[in-house]
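# give me the fold of what follows.
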Amino acid sequence: MNKKNTQQPTPISKQKARKVFALLEKEYGLPEWRQPLPAVDELVSTILSQNTNDVNRDRAFDNLRAHFPTWEAVRDAKEETIIETVRVAGLANQKGPRIQRVLQQITRERGEISLAFLRDLDREQARKWLIKQKGVGPKTAAIVMQFSLGIPAFPVDTHVYRVSGRIGLRPEKMNVEKTHLWMEDLFDPSQYGAGHLNIIRHGREICHARKPECEQCILNTLCDYYENTK
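Numbers count the residues shown, from 1 in each chain. Coordinates of the predicted model:
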């Protein structure tokens, strides 16, 4: 993930990205991340968010915080107890042990459960450290960096990947991992947060996976998919 892209966005593709950002801003405004969380909290919350909705993610996170006074207590609890506590988030048999492993790894490497030290690293160093932790992928790392640590990163979830591919913001066959770096090259760092959130919203409301509402889409004049299917 820390390898430099061999492909780079062209000035034309960057111009297209600016137009996309402007249209989404006009339609949806400049959204802000939900209540910012400390980095470890954000890391745990993002692990819980995998393959579930925001409501169940938050319920599982709140359950953890209600049942355990500290992250150290979560780390040291019986695995089956953590699994039951986060059951509402789904895939609890995976997420519970994953959370504990991450907390254990942080403790082994840092001597405490804290990610504050990452603020002193550059972006690629921070990303590399995060994704080497078991259960932490590029998206989770980018969310923690962008929304909790103040390290600019562009998270790519399923909506961002789908919409960016359809519009033509990224090469068609580029994989998700490389798309994180591509989007960071494509947009200005000041646009990462709002751009990420607005593309997700557009993917949920208009650019659906199965039946995109192309005729109602504010981006259809810029969209490769629409141009090729109309």
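
# which strand or helix spans residue 192?
helix 192-205 (DSSP states H and E).

# ok, and what's touching that helix?
Outside helix 192-205, the residues that touch it by C-beta atoms under 8 Å, 6 or more residues apart in numbering are 21, 24-25, 27-28, 30-33, 146-147, 152-155, 157-160, 162-164, 183-184, 187, 219. Backbone N, C-alpha and C define where each C-beta goes, glycine included.

# buried ones among the residues you listed?
Among the contacts of helix 192-205, those buried by neighbour count (16 or more other C-beta atoms under 10 Å) are 21, 24, 28, 31, 146-147, 152-155, 157, 159-160, 162-164, 183-184, 187, 219.

# any buried residues in the helix holding residue 192, and which?
192-203.

# how is the chain divided into domains?
Following automatic domain parsing, the chain resolves into domains at 11-32+154-229, 39-149.

# is it true that residue 61 touches residue 45?
Yes - between residue 61 and residue 45 there is a contact under C-beta atoms under 8 Å: 5.0 Å.

# now find how far off-centre the lowest-mean-pLDDT helix or strand in the chain is within its chain.
Sorting the helices and strands of the chain by mean pLDDT, DSSP states H and E puts helix 224-229 at the bottom, at a mean of 92. Taking C-alpha atoms, centre = their mean, to the nearest Å, one finds helix 224-229 lying 27 Å from the centre of the chain it belongs to.

# summarise which helices and strands that helix is packed against.
helix 158-167 (3 or more C-beta pairs under 8 Å, 6 or more residues apart in numbering; DSSP states H and E).

# quick check: the closest residue in space to residue 115 that isn't next to it in sequence vs residue 82, distance?
Sequence neighbours aside, residue 39 is the residue nearest to residue 115 in space, at 3.8 Å (criterion: C-beta to C-beta, 6 or more residues apart in numbering). Noted for residue 39: a distance of 20 Å to residue 82, by C-beta to C-beta, to the nearest Å.

# quick revisit: now the helix holding residue 192: how far from the chain's centre is it?
11 Å.

# again with stretch 71-86
24 Å.

# what lies in contact with it?
40, 44, 48, 60, 63-64, 67-68, 92-93, 95-97, 99-100, 103-104, 107, 113.

# that older thread, mean confidence for the helix holding residue 192?
Taken as a whole, helix 192-205 has a mean pLDDT of 97.

# quick check: angle from that helix to helix 158-167?
For helix 192-205 against helix 158-167, the angle by axes from the mean of the first three to the mean of the last three C-alpha atoms, to 10 degrees is 80 degrees.
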